[in-house]
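*Asks:* no sequence on hand, only this structure:
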Ligand SMILES: [Ca+2]
C-alpha cells in the first residue's frame, strides 16, 4: 500500500505544471514575521513605448508582530530583493529597503519595464531578508513562473524596476 501511495505522489509531482508550483514564503526572526505571496505575473505594455515587453508581478505583503516579547519599536526594517530570471538564464536583481510600521498589509505590484525581450518562460522571484541579531539575516523566497505568449518583442526603452503600492 505504501508503494502505491509513493508512486501516486511521484506521478502527481511529475504532471504538476510549473505555473502551479507557486506558494508563499513566511520569514520570521522571532519578533517580526514577514509573509510574501506572488499572486500573479504577466506581461503587457506598461510604459510609453507601447511595446508589450513589460512585466508586472502582483504580490501580497504582510508584516506583523510575532511571539511573546513585546516590541517597543513598531518599525520593521528589512531588505527586499526582486529578481527576474529570463529564458536565456540572465537574472535582473533589484534590491530595495522596506521600512514599514506594524501591522502592515499591502498588495503592491512590481513592474519590470522593458525586460521581456525574449520568448520562453520567465520567473519572478521575491526574497525577504529580515535582520536576525547583529550581522545575520533570515530569508525566504517566493517564485512565480509564466510564459508570455508571442515571441521576441525586442528591446524598448531603458530597463527599470518600480514597486507601486
Ligand atoms: Ca515597454
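*Replies:* Alright, I've got the coordinates. Quantities reported herein were computed from a predicted structural model and do not represent experimental measurements.

*Asks:* tell me which residues of stretch 95-103 come out buried.
*Replies:* Across stretch 95-103, burial judged by 16 or more other C-beta atoms under 10 Å covers 98, 100. C-betas here are computed from N, CA, C, even on glycine.

*Asks:* how far is that stretch from where the chain is centred?
*Replies:* Between the centre of stretch 95-103 and the centre of its chain there are 15 Å (C-alpha atoms, centre = their mean, to the nearest Å).

*Asks:* list the beta-bridge partners for the residue nearest the centre of the chain.
*Replies:* When C-alpha atoms, centre = their mean is applied to the chain, the residue found nearest the centroid is residue 126 (2.7 Å). In this entry, residue 126 is beta-bridged to residue 82, residue 142, by DSSP bridges.

*Asks:* so residue 109 makes contact with residue 60?
*Replies:* No: taking contacts as C-beta atoms under 8 Å, residue 109 lies outside contact range of residue 60: 10.7 Å.

*Asks:* hey, what's in contact with both of the two?
*Replies:* Taking C-beta atoms under 8 Å, 6 or more residues apart in numbering as the criterion, residue 109 and residue 60 do not both touch any residue.

*Asks:* just the helices in the chain please.
*Replies:* Assigned by DSSP state H, the helices in the chain fall at 2-15.

*Asks:* quick one: name the residues of it near the ion.
*Replies:* With the criterion set to C-beta under 5 Å from the ion, the chain comes near the ion through 47, 49, 51, 53, 54, 114, 156.

*Asks:* count the neighbours of the first one for me.
*Replies:* Meaning residue 47. 16 (other C-beta atoms under 10 Å).

*Asks:* check whether it really touches residue 157, as I assumed.
*Replies:* Yes: counting by C-beta under 8 Å, residue 157 is a contact partner of residue 47 at 6.5 Å.

*Asks:* what's the spacing between stretch 133-143 and its chain's center?
*Replies:* Stretch 133-143 sits 14 Å away from the centroid of its parent chain (C-alpha atoms, centre = their mean).

*Asks:* hang on, the earlier thing: assess the claim that the residue nearest to the centre of the chain and residue 37 are in contact.
*Replies:* No: contact between residue 126 and residue 37 fails when scored by C-beta under 8 Å: they sit 9.0 Å apart.

*Asks:* what's the overlap in contacts for the two?
*Replies:* Joint contacts of residue 126 and residue 37 (C-beta under 8 Å, 6+ apart) are 59, 142.

*Asks:* taking the residues of the chain next to the ion one by one, which sit in strands?
*Replies:* residue 54 (DSSP state E).
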